[in-house]
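Asks: make a model of this:
(one chain, ligands or ions: 2)
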Amino acid sequence: MSTIRFQALKEALNRNVIKVTETQRRSTLFGSNVFNHDTMLQYLTKDAYVSVLDAIENGSKINRKIADQIASAMKEWALSKGVTHYTHWFQPLTGATAEKHDAFFETIGNDRGMEKFGGDQLVQQEPDASSFPHGGIRNTFEARGYTAWDPTSPAFIYGTTLCIPTVFVAYTGEALDYKTPLLRALHAVDTSATAVAKYFDKNVKKVNASLGWEQEYFLIDRALVNSRPDLVITGRTLLGHSPAKGQQLDDHYFGSIPQRALSFMMDLEKECMLLGIPVKTRHNEVAPNQFELAPIHEETNLAVDHNALLMDVMEKIASRHHLKVLLHEKPFEGVNGSGKHNNWSLATSTGVNLLSPGKTPMSNLQFLTFFINTIKAINENEELMRAGIASASNDHRLGANEAPPAIMSVFIGRQLTEVLRELEGVTDGKLSPEEKTDLKLNVVGKIPEILLDNTDRNRTSPFAFTGNKFEFRAVGSKANCANPMTILNTIVAKQLKEFKIEVDQLIDKKSLKKDEAIFNILREYIKKSKNILFDGNGYGIEWEKEAKKRGLSNNRTTPEALKAKISKKSLDLFSEMNVMNETECTSRYEIEIEEYVIRIQIEGRVLGDIARNHVIPTAIKYQNMMINNVTGLKNLYGTGFKKYAKEQMEIIESISRHIGDINTYINKMIEERKKAETLSIEKKASNYCNKVKPLFADIRYNCDALELLIDDELWPLTKYRELLFTR
Ligand code: ADP
Ligand code: MG
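Replies: Ligands and ions are numbered 1, 2, ... in the order given. Just a heads-up that it's a prediction; the model follows:
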């Protein structure tokens, strides 16, 4: 009997639900462990408070004296909550979060101690971070990296540690993390969008990009996960036969949440409340043991931090419940994978959502301006958008006939399609008073505040307008949202900047009125951006053909997709918008392509090991049982034995065939890996993608066939039905 699997099953089946109670209202818990406005008012001097606010709202620098005051206040607050350590908390390009804890404790002389935390420690640190990926940026000894306080994201307490969100940059100024380019992109979109918003309201001082992510994940018993080396090491199952019942019945989706999962969620949500993460929605997802959690949207930098923090907290809370959270995009073949929808919009300092249809024709013209500019930005940068979500794990969704496709397109719904069609007919140049009135009353003025078909329709669209925001659905579940959000906000910033220039030109040179100029430019934009609009089935082969005709890219794999990150167009874009210079872009590209190779390499090794060390020996064991049986029958019946041993002999032969095939394919895979190792990184990635990875399916096919043949008692790997249906 295969011990690990059955022990794990026994353990999993004997679990009790860990009780979680909520005694306090969530609103009173919310933000208790965050150095937020209320806390600041309580602990900071007025000068210090004003200084922080100014830094948050206007990006102003905080001087050293004030920083000392803030540090001291943070320390007092943290100590009052039993905190002992502080850390600069950052997001290196590994995708995970990083922290190195230092105690507040210091000695004075030899015999006395006290808690200390000054402005210096708050503002800047130099972690020994030489092992973080840098893509060649920090090659020299001089070019070390440092972390610097990001006052726009509040410090928080996790456990007994005060965490200070920081950027991570090289001394030469180049970004080594996800946050730095994101902050620059958010600044760019603020500048461009504010300038355009001022056409409609002079009082707009700032525009914030907002992000509301929806996090999908699998929740599996810890013992079961630990019994599968592939899940532990690669985050996904590299083999395993589909269960007789998968998600075909859709009986899990939105069903009642299983007790253990619910208990985990309550615990997690409580922690989120303390950390100021405004979680709101929880439900079962489509696949068995798959769930989703979504917060209320926030300013993008904060939302990104909160998602990164959440992914970390999820794991910790799960372990308390003897569960494991699988954030991988495709842990199980044959059932849905996980994504992280990124809902995105732009909001003004005056409280207006620029992507929400308004009540008046003027506010609707403003809505259309931002709406159409976003569509144009996506149309012109669809390939870069695809690159922003590329990863080895997300390839299992994109371009693998699973939601959503690798082809970028924008869904806008019937009503807005109609509005755009009408706007396309706007007269070139000056508009007659009648036309203006007609536009205002019958086109712009008729956009309903609630767009009926934009809520949840067309789930196949990777970038859908959902009534008052766009929803980017192709982001991977384990991705850091900063990467796609940096790209989206940068392309929209660039687009709005161009729009402003073009409108101003029409006003200055052709003496058009402001609204006439806007109508004229929007008309041209609509004509130019038609290719990206698509309301049909994004999974169909017809769309692939159609998209090709339209000239849209269809980069199914990461090595193909990533190239767009270092095209001349992208390098120019990022540098023009001051988001990343060429070194930063190329180093990121290198890190990502390298990571791709390593991931596939690891999967190849693990699959090879499992197939050779678990599957084949088990197959031989069972085959020997069959051989004994056949020999016994022969002894018993003599020459007539075949009548009774027919099935057994077929099994013996099948097993030999599968073992043979497994060995052949593993040898082939190892050969291909060896070949790939000699190549330059790009060719290597392409070989891993096109030569190594396809063999996984061949190896798996034979292993899965053996799983069906062999005695269940002997099978060493926890089966799909056990992983997916144990609650
Ligand atoms: P659903 O899509 O399930 O109908 P909602 O439309 O209310 O629900 O919200 C879905 C997600 O979109 C939530 O995570 C929410 O925070 C986010 N969201 C709502 N409004 C905005 C906005 N203006 N900007 C960014 N995200 C938003
Ligand atoms: Mg949604």
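Asks: CA only for contacts and neighbour counts going forward, please
Replies: Noted.
Asks: spell out which parts of this protein neighbour ligand 1.
Replies: The chain comes close to ligand 1 at residues 210-214, 294-297, 343-345, 455, 469, as judged by Cα under 6 Å from any ligand atom.
Asks: need the worst-confidence member of these.
Replies: For the residues of the chain next to ligand 1, the weakest pLDDT value sits at residue 455, with 57.
Asks: just checking: what are the partner strands of the longest strand belonging to the chain?
Replies: Ranked by residue count under DSSP state E, the longest strand found in the chain is strand 207-221. Applying DSSP bridges, strand 207-221 is found paired with strand 290-295 (antiparallel), strand 298-299 (antiparallel), strand 323-326 (antiparallel), strand 340-348 (antiparallel).
Asks: OK, contacts around the closest residue to ligand 1 within the stretch 401-550 of the chain?
Replies: Nearest residue of the stretch 401-550 of the chain to ligand 1: residue 469, at 5.4 Å (Cα to the nearest ligand atom). The neighbours of residue 469, taking Cα atoms under 8 Å, 6 or more residues apart in numbering as the test, are 343-345, 355-356.
Asks: dump those residues to a markdown table, plus neighbour count.
Replies: Formatted as a markdown table, the contacts of residue 469 follow (neighbours: other Cα atoms under 10 Å):
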| residue | neighbour count |
| --- | --- |
| 343 | 21 |
| 344 | 24 |
| 345 | 25 |
| 355 | 25 |
| 356 | 24 |
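Asks: return the member of the residues you listed nearest to residue 197.
Replies: residue 355 (11.6 Å; Cα to Cα).
Asks: give the contact list for the closest one.
Replies: Residue 355 touches 345-346, 367-368, 370-371, 468-469, counting by Cα under 8 Å, 6+ apart.
Asks: could you dump these into JSON lines and include distance to residue 680 and secondary structure?
Replies: Converted to JSON lines, the contacts of residue 355 look like this (distance: Cα to Cα, whole Å; DSSP: H, G, I helix; E, B strand; the rest coil):
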{"residue": "345", "distance to residue 680": "40", "secondary structure": "strand"}
{"residue": "346", "distance to residue 680": "42", "secondary structure": "strand"}
{"residue": "367", "distance to residue 680": "48", "secondary structure": "helix"}
{"residue": "368", "distance to residue 680": "47", "secondary structure": "helix"}
{"residue": "370", "distance to residue 680": "43", "secondary structure": "helix"}
{"residue": "371", "distance to residue 680": "42", "secondary structure": "helix"}
{"residue": "468", "distance to residue 680": "46", "secondary structure": "coil"}
{"residue": "469", "distance to residue 680": "42", "secondary structure": "coil"}
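Asks: closest to residue 93 out of those?
Replies: residue 345 (25.4 Å).
Asks: coming back round to it: out of the contacts of residue 355, who's nearest ligand 1?
Replies: residue 345 (4.3 Å).
Asks: pretty sure that closest one is touching residue 470, no?
Replies: Yes: checked against Cα atoms under 8 Å, the pair residue 345 and residue 470 is within contact range at 6.5 Å.
Asks: enumerate every residue touching residue 287.
Replies: Counting by Cα under 8 Å, 6+ apart, residue 287 has contacts 246-247, 250, 252-253, 335-337.
Asks: just the buried ones from the residues you listed?
Replies: Buried by 16 or more other Cα atoms under 10 Å: 246-247, 252-253, 335-337, out of the contacts of residue 287.
Asks: of all the residues you listed, which two lie farthest apart?
Replies: Longest span within these, Cα to Cα: 252 and 337, 14.3 Å.
Asks: related to what we said a few turns ago, and which of the contacts of residue 469 is nearest residue 329?
Replies: Nearest member of the contacts of residue 469 to residue 329, counting by Cα to Cα, is residue 343, at 18.4 Å.
Asks: what's the neighbour count on the residue lying closest to that closest one once chain neighbours are set aside?
Replies: Leaving aside its sequence neighbours, residue 343 sits nearest to residue 471 (Cα to Cα, 6 or more residues apart in numbering; 4.3 Å). Neighbour count of residue 471, defined by other Cα atoms under 10 Å: 23.
Asks: over to residue 471. Which of the three states is it?
Replies: Of the three states, residue 471 takes strand according to DSSP: H, G, I helix; E, B strand; the rest coil.
Asks: leaving out chain neighbours, which residue sits closest to the residue of the stretch 401-550 of the chain closest to ligand 1?
Replies: residue 345 (5.0 Å).
Asks: which residues sit in contact with that neighbour?
Replies: Residue 345 neighbours (Cα under 8 Å, 6+ apart): 209-211, 353-355, 468-470.
Asks: try 7 Å this time
Replies: 209-211, 355, 469-470 (Cα atoms under 7 Å, 6 or more residues apart in numbering).
Asks: just to revisit the earlier point, next secondary structure after the longest strand of the chain?
Replies: Next helix or strand after strand 207-221 toward the C-terminus (DSSP states H and E): helix 222-226.
Asks: now the element after that following helix, going C-ward?
Replies: helix 229-234.
Asks: and the following helix or strand past that following helix, which residues are buried?
Replies: Per DSSP H and E, the first helix or strand lying C-terminal to helix 229-234 is helix 259-274. Neighbour-count burial for helix 259-274, counted by 16+ other Cα under 10 Å, picks out 260-274.
Asks: and if you look at stretch 232-241?
Replies: Result for stretch 232-241 [16+ other Cα under 10 Å]: buried residues 234-241.
Asks: mind checking the backbone torsions on the residue of the stretch 401-550 of the chain closest to ligand 1?
Replies: For residue 469, the backbone dihedrals are phi -170, psi 160 (criterion: degrees, to the nearest 10).
Asks: next: the one 10 residues further on.
Replies: The phi and psi values for residue 479, taken as degrees, to the nearest 10, are phi -70, psi 160.
Asks: tell me, how many residues neighbour it?
Replies: Neighbour number of residue 479 under other Cα under 10 Å is 25.
Asks: now it. Nearest residue, chain neighbours left out?
Replies: Here the residue nearest residue 479, using Cα to Cα, 6+ apart, is residue 95, at 6.8 Å.
Asks: what about the one you found, how many residues nearby?
Replies: 16.
Asks: hang on, it is in a strand, isn't it?
Replies: No: using three-state DSSP, the assignment for residue 95 is coil, not a strand.
Asks: mind pulling up the pLDDT for residue 144?
Replies: 76.
Asks: okay, buried residues for the host helix or strand of residue 11 please.
Replies: Using DSSP H and E, residue 11 falls within helix 3-13. For helix 3-13, a neighbour-count test (16+ other Cα under 10 Å) marks 4-6, 8-9, 12 as buried.
Asks: count the neighbours of residue 80 for me.
Replies: 9.
Asks: for residue 650, same thing?
Replies: 12.
Asks: roughly how far apart are it and ligand 1?
Replies: Noted for residue 650: a distance of 53 Å to ligand 1, by Cα to the nearest ligand atom, to the nearest Å.
Asks: that residue sits in which helix or strand?
Replies: helix 642-677.
Asks: what's the answer for residue 310, then?
Replies: Going by DSSP H and E, residue 310 is part of helix 300-320.
Asks: in that helix, which residues are buried?
Replies: 300-311, 314-315, 317-318.
Asks: with stretch 626-637 instead?
Replies: Those would be 626-627, 630, 633-634, for stretch 626-637 by 16+ other Cα under 10 Å.
Asks: just the CA trace of stretch 205-225, in PDB.
Replies: Coordinates of the C-alpha atoms in stretch 205-225 are reproduced here as PDB (Å, rounded to 0.1, in the frame of the first residue of the first chain):
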ATOM      1  CA  LYS A 205      -6.200  68.900  -9.400                       C
ATOM      2  CA  LYS A 206      -5.300  65.200  -9.600                       C
ATOM      3  CA  VAL A 207      -6.500  62.000 -11.200                       C
ATOM      4  CA  ASN A 208      -5.900  58.700  -9.400                       C
ATOM      5  CA  ALA A 209      -6.000  55.400 -11.200                       C
ATOM      6  CA  SER A 210      -8.100  52.900  -9.200                       C
ATOM      7  CA  LEU A 211      -7.700  49.200  -9.100                       C
ATOM      8  CA  GLY A 212     -10.100  46.600  -7.800                       C
ATOM      9  CA  TRP A 213      -8.600  43.100  -8.100                       C
ATOM     10  CA  GLU A 214     -10.500  39.900  -7.900                       C
ATOM     11  CA  GLN A 215      -8.300  37.000  -6.600                       C
ATOM     12  CA  GLU A 216      -9.000  33.400  -7.600                       C
ATOM     13  CA  TYR A 217      -7.300  30.600  -5.800                       C
ATOM     14  CA  PHE A 218      -7.600  26.900  -4.900                       C
ATOM     15  CA  LEU A 219      -7.800  25.700  -1.300                       C
ATOM     16  CA  ILE A 220      -6.500  22.100  -0.800                       C
ATOM     17  CA  ASP A 221      -5.800  20.200   2.400                       C
ATOM     18  CA  ARG A 222      -2.100  20.600   3.400                       C
ATOM     19  CA  ALA A 223      -1.400  16.900   3.800                       C
ATOM     20  CA  LEU A 224      -2.700  16.200   0.400                       C
ATOM     21  CA  VAL A 225      -0.700  18.900  -1.200                       C
END
